[in-house]
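Colleague: Pasting the sequence and the predicted coordinates here, then a few questions.
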Amino acid sequence: MRMRPPAMLPPNRPRHSRDPWKVTLALAACMALQMTSLVMILPLFARRLGDFGAGVDALGLSALAFALAATVAAPFLGSLADRIGRRPLVLGSLAIYALAFTGFLLAGSAEVFVLVRGLAGGFTAGLIPAVMGTVADIAPADRRAQYVGVVNGGASLGWVIGPLIGGFLYDRWGYVVPFGMSVGIAALTLVLASLTVPETHSGAPPLGMGTRSVASGPRRSLSAYLRPYQGSGRLQALAVLLLIAFGVLFAWAFIEPQLMFYAYDDLAWTSSQLGLAMSVYGLAVALGEFALGRWSDRFGRKPILMLGLVLFTAQFAGLVLSRSFVWIAVGFVVAGLGNALFDPALSALFLDLAPEARRGEVMGMKSTAGSLGSTLGPGLVVLLTPQLLPPQVFLLALLMVLVLAAVAGVALRPRPASGRR
């Protein structure tokens, strides 16, 4: 019997022989390990740079270098995931993370540290577009947010485990042990992904494009990128979604350098306390995405997106209103639940807009917008540090996210809920 080519398969049917749910769980496990290896050392970046005699400016510059490189690379790598497949981007990005963590450990100066973080940003920018493209390839349309939530929930587990381990190890043995362990976990993640994550994309050219256009890839004009989204308000929706993706990451990146030094210098937290605060946030995100990730499939993308953004501001409110570790941690928990609501809804909205052959590309656009926010946020806080106190920085971030929720309410058209349970 002659088999049909992949392009003839019915919608939502995977192009590989593995069970979609098992692939989703494998991706969730890989993201949990990858995020653990990253976040166990992330709160220690301030300590590491402090050993070199650097401060908020250097930490902000390192975040700026990472985000700027990712901003430039994300659209190229997102398109590449549509042309050569998802798996090479996933494996390549995980390998670069292992090398970058080794670089953080061996860096002998703040300048080298910043350089390594910048290179890591550029060469790992394809990971999330490739992972989300894989999810879109295998997920039924009416369960897309649920599948995204499971993968994001896996990543969020890393936020639970990583900071606790990193802070504990640093307080007892210094930076070598947690940084060395992060390298080992990153290598383990690469091995696991190579064994469990299949290729799910046919590598077919994007819709309406010939072979020559595909070969030119990222050199296509802006109009070619946007053509599939024209008509029926799709272009406006894409612009709003990109603004939200930009704004959320901008708000977080705006406070991140200030937050770490504020916790250590003003609140007198230990590394373990900062790690615990990040962990409770990650736990709230993980539990929320596993339990609530499908809410936007059931109740509509727009209301869940707006609710999540409003709840996300609780972390900023806690930092503005209190110096108590307990109340700040409560704010982080509420914000984590907000993240668990808005992020799957936002990703699903991007995937809902994209033609099948452009899913990696549209997630690359999302990553680019987020990376741009992560680029400008630290840059702005470096400029404003002499003029603003930390609570004022946190208040500005709160207002930014509330504005994003209002924009979503005004500019996005409601998407009907699937009604399925």
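Modeller: Structure received.
Colleague: make it CA atoms for all contacts and neighbour counts henceforth
Modeller: Will do.
Colleague: Count the neighbours of residue 201 for me.
Modeller: The number of residues packed near residue 201 is 26, by other CA atoms under 10 Å.
Colleague: Not counting sequence-adjacent ones, nearest residue to it?
Modeller: residue 85 (5.5 Å; CA to CA, 6 or more residues apart in numbering).
Colleague: ok, the one you found touching residue 199?
Modeller: Yes: Residue 85 lies in contact with residue 199 (CA atoms under 8 Å); the separation is 6.5 Å.
Colleague: out of the two, which sits in the busier spot?
Modeller: The neighbour count for residue 85 versus residue 199, taken as other CA under 10 Å, is higher for residue 85 (22 against 16).
Colleague: Quick one: the helices in the stretch 301-421 of the chain, in order.
Modeller: Secondary structure of the stretch 301-421 of the chain by DSSP state H, counting those that start in this stretch: the helices cover 301-312, 314-321, 325-353, 359-384, 390-411.
Colleague: Compare those helices and give me the one nearest residue 191.
Modeller: helix 359-384 (23.1 Å; CA to CA).
Colleague: packing partners for that closest one?
Modeller: With contacts taken as 3 or more CA pairs under 8 Å, 6 or more residues apart in numbering; DSSP states H and E, helix 359-384 sits against helix 56-83, helix 127-138, helix 234-261, helix 325-353.
Colleague: lowest average confidence, helix or strand, in this protein?
Modeller: Every helix and strand in the chain was compared by mean pLDDT, DSSP states H and E; the lowest is helix 211-216, with a mean of 39.
Colleague: Of the helices of the stretch 301-421 of the chain, which is nearest residue 153?
Modeller: So among these, helix 325-353 is nearest, using CA to CA, at 7.9 Å.
Colleague: and the angle for that closest one with helix 234-261?
Modeller: 160 degrees (axes from the mean of the first three to the mean of the last three CA atoms, to 10 degrees).
Colleague: The helix or strand where residue 287 lies relative to helix 314-321, how many degrees between them?
Modeller: Using DSSP states H and E, residue 287 falls within helix 271-292. With the same axes, to 10 degrees as the basis, helix 271-292 and helix 314-321 are set at 140 degrees to each other.
Colleague: Could I get the pLDDT score of the most centrally placed residue in the chain?
Modeller: In the chain, the C-alpha nearest the mean C-alpha coordinate belongs to residue 128, at 6.8 Å (CA atoms, centre = their mean). At residue 128, the predicted lDDT confidence score is 85.
Colleague: Low-confidence regions, the stretch 201-350 of the chain specifically.
Modeller: Within the stretch 201-350 of the chain, the segments meeting pLDDT under 70 span 202-233.
Colleague: returning to that earlier point: mind exporting the helix holding residue 287 as CSV, just the C-alpha atoms?
Modeller: This file holds the C-alpha atoms of helix 271-292, laid out as CSV (Å, rounded to 0.1, in the frame of the first residue of the first chain):
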residue,chain,number,x,y,z
SER,A,271,21.6,33.6,49.1
SER,A,272,19.3,30.8,50.5
GLN,A,273,16.5,33.3,51.2
LEU,A,274,16.7,34.8,47.7
GLY,A,275,16.7,31.3,46.3
LEU,A,276,13.7,30.4,48.4
ALA,A,277,11.8,33.4,47.2
MET,A,278,12.5,32.4,43.6
SER,A,279,11.5,28.8,44.4
VAL,A,280,8.1,29.7,45.8
TYR,A,281,7.5,31.7,42.6
GLY,A,282,8.5,28.7,40.5
LEU,A,283,6.3,26.3,42.5
ALA,A,284,3.3,28.6,42.0
VAL,A,285,4.0,28.7,38.3
ALA,A,286,4.5,25.0,38.0
LEU,A,287,1.4,24.0,40.0
GLY,A,288,-0.6,26.7,38.2
GLU,A,289,0.4,25.6,34.7
PHE,A,290,-0.3,21.9,35.4
ALA,A,291,-3.6,22.7,37.0
LEU,A,292,-4.7,25.9,35.1
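Colleague: Which elements pack onto it?
Modeller: Counting by 3+ CA pairs under 8 Å, 6+ apart, helix 271-292 packs on helix 144-173, helix 325-353.
Colleague: Run a quick neighbour tally on residue 368.
Modeller: Using other CA under 10 Å, residue 368 has 28 neighbouring residues.
Colleague: My read is that it contacts residue 68, right?
Modeller: No: counting by CA under 8 Å, residue 368 does not reach residue 68; the two are 9.3 Å apart.
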